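Chemist: Could you work out the structure for the sequence below:
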Amino acid sequence: MSLSLAEDYRKLLQKRDSVLSRVEKAKEKDEIINDAVGKWLHEVDELIKEMSSGKKKGAYNNNFSSMKDASEKLLKALQDDRYSRIELCGKRGSGKTTLVKSETKKYEKIFSRVIFLNMFKKDLKSMNEEMANLQRREKTNSETTLFILDNFPTRHSLDDIGLSRSTLGPQRKVLLITDDEADCTRHYKFISQRKRICDSSISMERISDDEAWELLHNLTTGIDSRLDLLNVAREVALQCKGLPGLINDVVSSLDNKNTMKYWKESLDNLHHSTACHHIYFSANIESACLEFTKSLHGALVQQGFKIIPKASFHLSRKNFKGLEEEIAKSRCSIIVISKEYARDFKGLQELVKILKCKETIQQLILPIFYNVDPSDVRDVKRSFKDGLQHAKENAMEEMKQLYNEEAMLKEWTSALYELGRLPGKQYIKGSQDNFIQEIIDHVKNNKHRLHVKHVNGQEGRLCSYDKDCTGD
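Modeler: Down below sits the predicted model:
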């Protein structure tokens with residue numbers, strides 16, 4: 001959809017929504033609606049459907065004003081002999097990588113070779129080997145080369161991979177794609193306290209609210225016929241904070257689930273998007289279901305979920321708060337409950353903190369009842385009754401100093417009651433592989449609620465469950 005057509009489309013939607021709003025208010029007052037109004041609304045709906053059918057899903061272009069501005073500045077800097085180390089910076093999800101990749105043909109008109117390297121999760125040795133191989137292929141001194149380094153690790157400098165200042169110049173340049181302006185400075189040591197090592201820094205600004213809504217609407221189908229859904233979708237667009245990469249991720253995670261339930265859940269997720277991991281994984285590592293726990297953990301990791309493992313805290317007076325902060329870094333807690341679960345006083349205290357995160361930051365909780373009846377957990381019966389007594393007797397002195405035994409036992413009992421009432425997955429017998437797949441499918445079905453910050457905790461793009469944040 002062209003920009004002019006998109007603008008006409010947006011104005012038509014606004015007009016239709018305005019008329020629908022007035023019609024609904026008139027109906028509430030039992031007023032008679034003119035037939036011509038109903039006919040006009042029907043014709044507009046048909047036109048909207050026809051215009052919607054031409055939308056392109058799953059991608060976005062660089063027609064935003066911020067991208068155009070950055071593109072022009074970047075091309076000027078690449079052609080300026082004064083600059084050999086150029087930085088394109090912006091929030092994760094602002095469209096930096098998308099812009100650079102779409103402009104490659106323009107860069108190829110300036111340089112003999114354009115080499116794009118994604119440095120995500122690469123160690124220094126592999127980066128050195130890759131750069132050495134590339135430099136050996138440079139044929140003549142007259143050949144011009146542009147190295148584009150995306151996700152370059154901030155703990156290293158360009159000197160570490162053979163791209164020192166002395167090796168760069170008008171014929172050999174580096175373009176760094178970074179998450180903020182400070183990153184480029186952190187890559188290197190200063191020559192002096194007053195001189196930046198990056199010769200030119202270009203900022204990628206966020207897109208406007210109107211552009212954000214236009215993008216989300218262009219990427220989405222099936223929401224135009226419902227005013228209430230459109231209003232929630234607009235709120236979602238605004239909550240994406242002008243980051244096209246995030247908007248694309250949100251639409252992708254919804255996967256055509258165009259019901260109010262899913263859109264509101266996605267909106268709620270964005271309201272509470274402070275987490276940097278998808279899942280906090282809690283299980284008793286000494287329980288009889290250890291092999292199942294390992295298999296489930298491995299399957300979740302294989303699916304691309306970022307997981308915080310069960311905290312290995314040595315619980316003490318000093319780090320109870322630290323435990324809660326660690327749990328709060330995830331959007332969802334998965335708790336594996338075996339018959340021995342209540343014997344572990346650390347696990348019970350962990351459960352208390354997980355439930356607190358559910359209350360304070362709306363963290364999702366998925367209990368896995370492994371050969372356990374949820375009613376035994378809820379009512380603290382059988383092994384859970386004996387386990388609770390064992391946990392109380394073995395609780396460390398630091399905990400007893402913070403709580404009297406009666407208060408501690410009451411808190412744990414209350415936590416087990418709430419845990420047993422939560423909807424979850426129960427395994428009794430049968431194929432464990434099938435059960436694990438059932439859990440995976442459940443979590444994937446809720447991926448629209450699992451957007452998280454990039455693993456480094458920066459404000460910016462929130463990543464869908466199945467994507468590493470390796471670009472935007």
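
Chemist: Surely Arg22 is in a helix?
Modeler: Yes. Under DSSP: H, G, I helix; E, B strand; the rest coil, Arg22 falls within a helix.

Chemist: Is Glu87 part of a helix or strand, or is it coil?
Modeler: strand.

Chemist: tally of neighbours for it?
Modeler: Look at Glu87: counted by other CB atoms under 10 Å, it has 25 neighbours. For the C-beta atoms, the positions are set from N, CA and C on the backbone; glycine is no exception.

Chemist: ditto for Met131
Modeler: 19.

Chemist: Would you quantify the distance from Glu129 to Phe292?
Modeler: To Phe292, Glu129 is 40 Å away according to CB to CB, to the nearest Å.

Chemist: oh, I was asking about Lys27
Modeler: Distance from Lys27 to Phe292, counting by CB to CB: 56 Å.

Chemist: which of the two has more neighbours?
Modeler: A direct count of neighbours by other CB under 10 Å for Lys27 and Phe292 places Phe292 higher, at 20 against 11.

Chemist: which strands and helices sit next to the helix or strand that contains Ala212?
Modeler: In this assignment (DSSP states H and E), Ala212 forms part of helix 209-219. Counting contacts by 3 or more CB pairs under 8 Å, 6 or more residues apart in numbering; DSSP states H and E, helix 209-219 packs against helix 3-28, helix 227-239, helix 244-254.

Chemist: Now it: average pLDDT?
Modeler: For helix 209-219, the mean pLDDT works out to 91.

Chemist: again, but for stretch 452-467
Modeler: Averaging pLDDT along stretch 452-467 yields 44.

Chemist: Also stretch 144-151?
Modeler: Here stretch 144-151 scores 91 as its mean pLDDT.

Chemist: Of the helices and strands packed on helix 209-219, flag the one that's most buried.
Modeler: Among those, helix 244-254 has the highest mean neighbour count (mean count of other CB atoms under 10 Å), at a mean of 25.

Chemist: Does Leu416 touch Gly387 like I think?
Modeler: No. Using CB atoms under 8 Å as the test, Leu416 is too far from Gly387 to be in contact (9.4 Å).

Chemist: So for those two, which residue has more residues nearby?
Modeler: More crowded of Leu416 and Gly387, by other CB under 10 Å: Leu416, with 25 against 22.

Chemist: so what's that one up against?
Modeler: 342, 348, 351, 377-378, 380, 384, 388 (CB atoms under 8 Å, 6 or more residues apart in numbering).

Chemist: And the pLDDT for Asn61?
Modeler: 64.

Chemist: typo on my end, it should be Ile32
Modeler: Here the pLDDT value assigned to Ile32 is 78.

Chemist: Would it be right to say that it lies in a helix?
Modeler: No. Judged by three-state DSSP, Ile32 forms no part of a helix; its state is coil.

Chemist: do you know how far it is from Ser21?
Modeler: 17 Å.

Chemist: The stretch 51-200 of the chain: helices as residue ranges?
Modeler: Read by DSSP state H, counting those that start in this stretch, the stretch 51-200 of the chain holds these helices, from start to end of the chain: 65-78, 96-102, 104-108, 124-136, 181-187.

Chemist: Most tightly packed of those?
Modeler: helix 96-102 (a mean of 20).

Chemist: check contacts around Ala26.
Modeler: Counting by CB under 8 Å, 6+ apart, Ala26 touches Ile33.

Chemist: Surely Phe305 and Tyr280 touch.
Modeler: No. Using CB under 8 Å, Phe305 makes no contact with Tyr280, being 11.0 Å away.

Chemist: more neighbours, these two?
Modeler: A count of neighbours by other CB under 10 Å puts Tyr280 above the other of Phe305 and Tyr280, at 27 against 24.

Chemist: hey, where'd the helices end up in the stretch 251-400 of the chain?
Modeler: Ranges of helices in the stretch 251-400 of the chain, per DSSP H, counting those that start in this stretch, are 260-271, 290-302, 320-327, 345-361, 374-378, 383-394, 397-402.

Chemist: Tell me how the protein divides into domains.
Modeler: Domain ranges of the chain: 1-54, 65-204, 277-450, per automatic domain parsing.

Chemist: Mind putting these into TSV with distance to Cys240?
Modeler: Below are those laid out as TSV (distance: least, CB to CB, whole Å):
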stretch	distance to Cys240
domain 1-54	17
domain 65-204	8
domain 277-450	13
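
Chemist: what about Glu211, neighbour count?
Modeler: If you count neighbours by other CB under 10 Å, Glu211 ends up with 22.

Chemist: again, but for His277
Modeler: His277, neighbours per other CB under 10 Å, totals 19.

Chemist: I figured it hits Ile327, correct?
Modeler: No. Using CB under 8 Å, His277 is not in contact with Ile327, being 10.0 Å away.

Chemist: anything in contact with each of the two?
Modeler: Counting by CB under 8 Å, 6+ apart, the residues touching both His277 and Ile327 are Ile308.

Chemist: Can you check which residues contact both of Leu416 and Gly387?
Modeler: Shared contacts of Leu416 and Gly387, defined by CB under 8 Å, 6+ apart, are found at Ala342.

Chemist: hmm, back to that, for the helices of the stretch 251-400 of the chain, which one ends up most surrounded?
Modeler: helix 345-361 (a mean of 20).

Chemist: May I have it as CSV, with CA atoms only?
Modeler: Taking Å, rounded to 0.1, in the frame of the first residue of the first chain, the C-alpha atoms of helix 345-361 are listed here in CSV:
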residue,chain,number,x,y,z
PHE,A,345,12.3,-24.7,52.2
LYS,A,346,14.3,-22.7,49.6
GLY,A,347,11.8,-23.7,46.9
LEU,A,348,8.9,-22.7,49.1
GLN,A,349,10.4,-19.3,49.7
GLU,A,350,11.0,-19.0,46.0
LEU,A,351,7.3,-19.8,45.4
VAL,A,352,6.4,-17.0,47.7
LYS,A,353,8.4,-14.6,45.6
ILE,A,354,7.0,-15.9,42.3
LEU,A,355,3.5,-15.4,43.6
LYS,A,356,4.4,-11.9,44.6
CYS,A,357,5.6,-11.2,41.1
LYS,A,358,2.3,-12.5,39.8
GLU,A,359,0.6,-9.9,41.9
THR,A,360,2.9,-6.9,41.4
ILE,A,361,3.9,-7.3,37.7
